[in-house]
Structure formats: structure tokens, C-alpha cells
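Student: Return atomic coordinates for the entry below.
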Amino acid sequence: MNPKYTPINCDFYDYFEAFTVKKQVVTIVYFNENENTETVESRIKDLYSRNKVE
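Tutor: Residues are numbered from 1 along each chain as shown. From the prediction side, this is the model:
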């Protein structure tokens, strides 16, 4: 597991699931490997876990 990983709230994850099922366009803002923010607008195609981490 990545030592920087912080689990997200289950209720927040439910929103991702709902957006995925409804095929809605969402705006996602995240930190890249340089700790700068990135913004993407797209549809979430699928959600999965790797090594028991979302």
C-alpha cells in the first residue's frame, strides 16, 4: 500500500458509484505526484480496488 494513501469516507465513495452508474460528467480535482492540483472533466467508466485500496 502507498504510505501516502488516505482512505476516503464511504459516503463519498457512494457518490462516485452513483456518478458511474448514471454516466454523468463530473469534475475531479486531485493532487498529482508533484503535489500540484489537476482538474479533469469526464465520465467515470469503472471503479475498482487494487490491493484492497480503492
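Student: Now Val40: which helix or strand?
Tutor: Counting by DSSP states H and E, the element that carries Val40 is strand 37-43.
Student: Counting by contacts, list what that strand packs against.
Tutor: strand 25-31 (3 or more CB pairs under 8 Å, 6 or more residues apart in numbering; DSSP states H and E). In short, each C-beta sits where N, CA and C put it, glycine included.
Student: Kindly list the main-chain dihedrals of the residue nearest to the spatial centre of the chain?
Tutor: Nearest residue to the geometric centre of the chain (CA atoms, centre = their mean): Phe16, 7.0 Å. Per-residue torsions, Phe16: phi -60, psi -40 (degrees, to the nearest 10).
Student: if I read this right, Tyr13 contacts Val53, doesn't it?
Tutor: No: counting by CB atoms under 8 Å, Tyr13 stays clear of Val53, with 11.7 Å between them.
Student: Please identify which of the two sits among more neighbours.
Tutor: Applying other CB atoms under 10 Å to Tyr13 and Val53 shows that Tyr13 carries more neighbours, namely 13 against 9.
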